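Visitor: predicted model and sequence follow; I will ask about them next.
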Amino acid sequence: MRAKRWIPVLMAVTVAATPTWSSAGETAPPSSWGENGSSPGDMVQVTVDDPTVTAFAAFLEVPAEEAAVLLATQQDAGRIEDQLVAEFPTSYGGRWWSYEENRAKLGMTKDLEDAAAIVARSNYAEAMDIVEVEYSLVELEAASRRIGEVIADEGVDGIQAGVMTNLNSVVIGLPASEQRTARQRAVLERAIDDYGGMISTETLPPDWRVVPTACGIGSNEDYCSAPLRGGVGFNHAAGTCTSGFIAQSRTDTKRYVITAGHCRIGTDPSPFESRKNDGTIVNVGPWHNGNPYAPDDWAIVQITWSYWATDNIVFVRASPNAPYPTTRDEAYTITADSNSAAGDFVCYSGRTTNTACGTVEATGVGAGYGAVRTSYCVQPGDSGGPVYRLHTAYGINYARGNVNGICKSFYVEIRDAENALNVNVLLS
């Protein structure tokens with residue numbers, strides 16, 4: 001891989017190093033797309049007391065005001081990514097966040113100056129860099145998915161592939177060299193033969209497995225009365241998962257809950273249900289469409305029971321003892337969706353773990369659309385729960401890998417789920 005070079009975007013618009021907006025409820029300066037044409041409703045609005053901001057501040061060990069600016073930068077970089085993908089589909093190399101510099105990086109194989117001109121329209125441009133890379137995101141994702149298909153088709157355990165845009169590489173995780181099986185070595189050798197310098201490796205425990213966070217039952221279920229929202233107990237037959245984002249069909253006005261596909265118990269036709277805050281069970285509606293198999297583990301459940309008014313809100317729990325504490329918000333609104341990138345800081349709500357946060361480690365993991373691997377640790381019952389940041393939907397939790405205290409979790413990209421299920425996340 002050739003050495004990366006980067007172009008800092010230094011324009012007239014600046015971001016104050018010490019923001020003057022610090023009171024709860026005040027907002028960070030919105031991003032602006034200028035002549036790109038986005039409406040004011042698309043601008044990034046950040047409140048200092050947003051639970052994902054307070055968690056990020058604890059994660060970085062910086063004041064909330066500084067964390068708000070950095071998280072707004074991270075958010076705006078995702079919007080810029082959409083522009084770069086649209087205008088440079090074969091040369092865009094992916095996005096990542098550098099925690100060493102607290103800056104957003106956007107890779108390009110060529111067209112660097114043109115990409116920098118697009119970045120310069122953001123109010124957060126001075127915290128973003130255009131970086132020259134060798135491989136485009138299209139190339140990386142295609143290679144990762146093909147390797148994932150080989151692993152799945154041949155049933156090779158203890159190995160997985162995913163894209164790490166910060167390395168501009170498809171990273172294959174497998175045991176240390178002396179512990180690899182012949183089948184694992186064969187997959188790695190084939191990948192190197194096919195993709196050469198695009199491939200790098202990371203070490204996983206020898207008995208590493210990725211399994212769905214199987215639905216459970218018990219006293220730690222968490223429910224809310226209407227409206228139905230993401231992050232609460234969501235039952236089918238004898239099991240309990242977590243409700244995800246509320247969505248609407250692209251062809252009519254029907255509304256659905258997006259959740260994990262494996263949350264449906266077999267082909268049981270029983271309706272899904274949730275509960276009021278007093279524990280009263282109320283039906284939600286029937287399973288409509290989905291897929292129970294990793295990594296495209298998603299489904300939609302139609303909301304047919306009249307009790308459940310529908311707004312796309314998420315129940316964020318207070319987690320004072322978590323590594324990155326969050327504050328309680330019973331009606332956290334969702335105003336956008338976005339793709340994920342290495343280094344992104346995200347939070348989730350699940351009926352077992354409540355609310356927790358972590359960072360994205362890899363994207364495009366596995367065959368099919370490819371999943372996102374994170375540093376946080378979901379538990380059984382958290383499947384289907386929403387992954388979000390700054391009022392933006394990122395994904396649906398579905399699995400974890402947990403060996404000898406090493407726990408990683410996986411979610412499906414929300415945009416992939418929307419496209420596969422022909423729905424759009426309902427925006428507040």
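Guide: Received, thanks. Note that this is a predicted model, so its numbers are computed, not measured.

Visitor: please identify the buried residues of the longest helix seen in the chain?
Guide: Determined from DSSP state H, the single longest helix within the chain is helix 64-87. By 16 or more other CB atoms under 10 Å, the buried positions in helix 64-87 come out as 64-81, 83-84. From N, CA and C alone the C-beta is placed, and that goes for glycine too.

Visitor: report the beta-bridge partner residues of the residue lying closest to residue 305 once chain neighbours are set aside.
Guide: Spatial nearest neighbour of residue 305, excluding adjacent residues (CB to CB, 6 or more residues apart in numbering): residue 283 at 4.6 Å. Beta bridges link residue 283 to residue 273, judged by DSSP bridges.

Visitor: residue 275 is in contact with residue 283, correct?
Guide: No. The criterion here is CB atoms under 8 Å, and residue 283 misses it with residue 275 at 10.6 Å.

Visitor: ramachandran coordinates for residue 88?
Guide: Here is the backbone geometry of residue 88 (degrees, to the nearest 10): phi -130, psi 60.

Visitor: what's it in contact with, if anything?
Guide: Residue 88 makes contacts with 108, 111, 114-115, as judged by CB atoms under 8 Å, 6 or more residues apart in numbering.

Visitor: for stretch 367-387, measure first residue to last.
Guide: Taking CA to CA, to the nearest Å, stretch 367-387 runs 21 Å from one end to the other.

Visitor: hey, C-alpha coordinates of the helix or strand just after the longest helix of the chain in PDB?
Guide: Of the helices and strands lying after helix 64-87 in sequence (DSSP states H and E), the nearest is strand 92-98. The C-alpha coordinates for strand 92-98 follow below in PDB (Å, rounded to 0.1, in the frame of the first residue of the first chain):
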ATOM      1  CA  TYR A  92     -14.100   7.500  -2.800                       C
ATOM      2  CA  GLY A  93     -12.100   5.600  -0.200                       C
ATOM      3  CA  GLY A  94     -14.300   5.700   2.900                       C
ATOM      4  CA  ARG A  95     -14.500   7.800   6.100                       C
ATOM      5  CA  TRP A  96     -13.000   7.300   9.500                       C
ATOM      6  CA  TRP A  97     -12.400   9.300  12.700                       C
ATOM      7  CA  SER A  98      -8.900   9.800  14.100                       C
END
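
Visitor: report the buried residues of strand 92-98.
Guide: By neighbour count on 16+ other CB under 10 Å, the buried set for strand 92-98 is 92-97.

Visitor: related to what we said a few turns ago, among the contacts of residue 88, which ones are buried?
Guide: Using 16+ other CB under 10 Å as the burial test, those include 108, 111, 115 as buried.

Visitor: save the residues you listed as TSV, and put in pLDDT too.
Guide: As requested, the buried ones among the contacts of residue 88 are arranged in TSV below (pLDDT from 0 to 100):
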residue	pLDDT
108	98
111	97
115	98
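
Visitor: out of those residues, list just those in helices.
Guide: Using DSSP H, the subset of those located in helices is residue 115.

Visitor: from the buried ones among the contacts of residue 88, which is closest to residue 399?
Guide: Taking CB to CB as the measure, residue 399 lies nearest residue 108 of the buried ones among the contacts of residue 88, at 32.4 Å.

Visitor: for that closest one, give me its contacts.
Guide: Counting by CB under 8 Å, 6+ apart, residue 108 makes contact with 84, 88, 91-93, 115, 130-133.

Visitor: OK, contacts around residue 105?
Guide: 6, 95-98, 128-129, 131, 166.

Visitor: what about it, which SS state?
Guide: Look at residue 105: counting by DSSP: H, G, I helix; E, B strand; the rest coil, its state is strand.

Visitor: before we move on, the earlier item: reformat the contacts of residue 105 as a markdown table; add pLDDT and distance to residue 313.
Guide: Below are the contacts of residue 105 laid out as a markdown table (pLDDT from 0 to 100; distance: CB to CB, whole Å):
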| residue | pLDDT | distance to residue 313 |
| --- | --- | --- |
| 6 | 56 | 39 |
| 95 | 98 | 27 |
| 96 | 98 | 30 |
| 97 | 97 | 27 |
| 98 | 97 | 32 |
| 128 | 97 | 31 |
| 129 | 97 | 35 |
| 131 | 98 | 37 |
| 166 | 97 | 32 |
